[in-house]
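Enquirer: Whatever this is, show me its structure:
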Amino acid sequence: MLGKGLKPWVLSESPDVLCLQEIKATQHQLTDEQKDFPGYEITWNPAVRPGYSGVATFCKTAPVQVISGIGDERFDVEGRVICTQFPNFSLFNIYFPNGQRGQERLSYKLEFYARLLDVCDQLLQRGENVILTGDFNTAHKPIDLRNPNENINNSGFMPEERAWVDRYLEHGFVDVYRWLYPERVQYTWWAYRLNARQRNIGWRIDYFLVSEKLLPRVKDVIIQDEVTGSDHCPVSLLIE
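Expert: Alright, predicted model coming up:
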């Protein structure tokens, strides 16, 4: 991403908080210039395995607290979560596992969904506001991918994966893009092969799930599908 216009885009858009997933690098592998994003405090949570997974959160306002991981070594070694806590909400930057490499990784993915929900439930039970964002690696409904019938048995749209998104909604979260735009068809990820992006054969797998008490403060969710440079596009949450 750094070689494909990330820094100019960030400095132009100037988001208050920026969440990146699948960074595949540690801060020590980057030059001083690559790491220099003026005005931002950056938290890195790379995977232990080099060149794999990892998340990073850029904040203009310093969080009250930053927590890397979800307290389970099975998942935390892959650098999948950063929680930045602000006075009025906790923001989780998440790179959910991909389940396409067999039953073992599918089970791992579903167990990750379960563990993260346990963490979120504890915060919600204390009356805290929570925002989840990132690459969920799951399209929730048929409207969220171009070819649902062809993908029903493929990881990313299997019933057991989609059921976990349902469970998050049952536990007090709202998919705010779909809440605002129940019939709109937009995607956030396209495979690199077969000109999928040019043909708009995509999936919506990048979400903002917001706890119900925050809904009155949500102004918009924007899928910036005109922005290139990755197989994903940016998704922005506008909130008071």
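
Enquirer: any idea whether residue 44 is helix, strand or coil?
Expert: Following DSSP: H, G, I helix; E, B strand; the rest coil, we place residue 44 in the strand state.

Enquirer: Neighbours of it, how many?
Expert: Using other CB atoms under 10 Å, residue 44 has 19 other residues around it. The way it works is simple: take the backbone N, C-alpha and C, and place the C-beta from them, glycine included.

Enquirer: List the residues that contact it.
Expert: Listed by CB atoms under 8 Å, 6 or more residues apart in numbering, the contact set of residue 44 reads 23, 26-27, 54, 56.

Enquirer: out of these, which is most surrounded?
Expert: Neighbour max across these (other CB under 10 Å) = residue 54, 24 neighbours.

Enquirer: Verify the contact between that residue and residue 27 for me.
Expert: No: applying CB atoms under 8 Å as the test, residue 54 and residue 27 come out as separate, 10.1 Å apart.

Enquirer: Point out where the chain drops to low pLDDT.
Expert: Low-confidence segments of the chain (pLDDT under 70): 1-3.

Enquirer: where exactly do the strands run in it?
Expert: Counting by DSSP state E, the chain has strands at residues 17-21, 41-45, 55-59, 65-68, 81-86, 89-95, 130-135, 173-175, 189-190, 202-203, 206-211, 218-223, 235-239.

Enquirer: so who does residue 142 touch?
Expert: residue 148.

Enquirer: Likewise for the one 10 residues further on?
Expert: Remark: with contacts taken as CB under 8 Å, 6+ apart, residue 152 is in contact with 158-159.

Enquirer: Including distance to residue 101, could the strands of the chain go into a markdown table?
Expert: A markdown table is the format used below for the strands of the chain (distance: least, CB to CB, whole Å):
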| stretch | distance to residue 101 |
| --- | --- |
| strand 17-21 | 18 |
| strand 41-45 | 22 |
| strand 55-59 | 20 |
| strand 65-68 | 24 |
| strand 81-86 | 20 |
| strand 89-95 | 15 |
| strand 130-135 | 16 |
| strand 173-175 | 26 |
| strand 189-190 | 17 |
| strand 202-203 | 18 |
| strand 206-211 | 21 |
| strand 218-223 | 27 |
| strand 235-239 | 25 |
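
Enquirer: For residue 150, which of those strands is the nearest?
Expert: Nearest of the strands of the chain to residue 150, taken as CB to CB: strand 202-203 at 11.9 Å.

Enquirer: Could you check how far that closest one is from the centre of its chain?
Expert: 15 Å (CA atoms, centre = their mean, to the nearest Å).

Enquirer: again, but for stretch 223-240
Expert: With CA atoms, centre = their mean, you get 11 Å for stretch 223-240.
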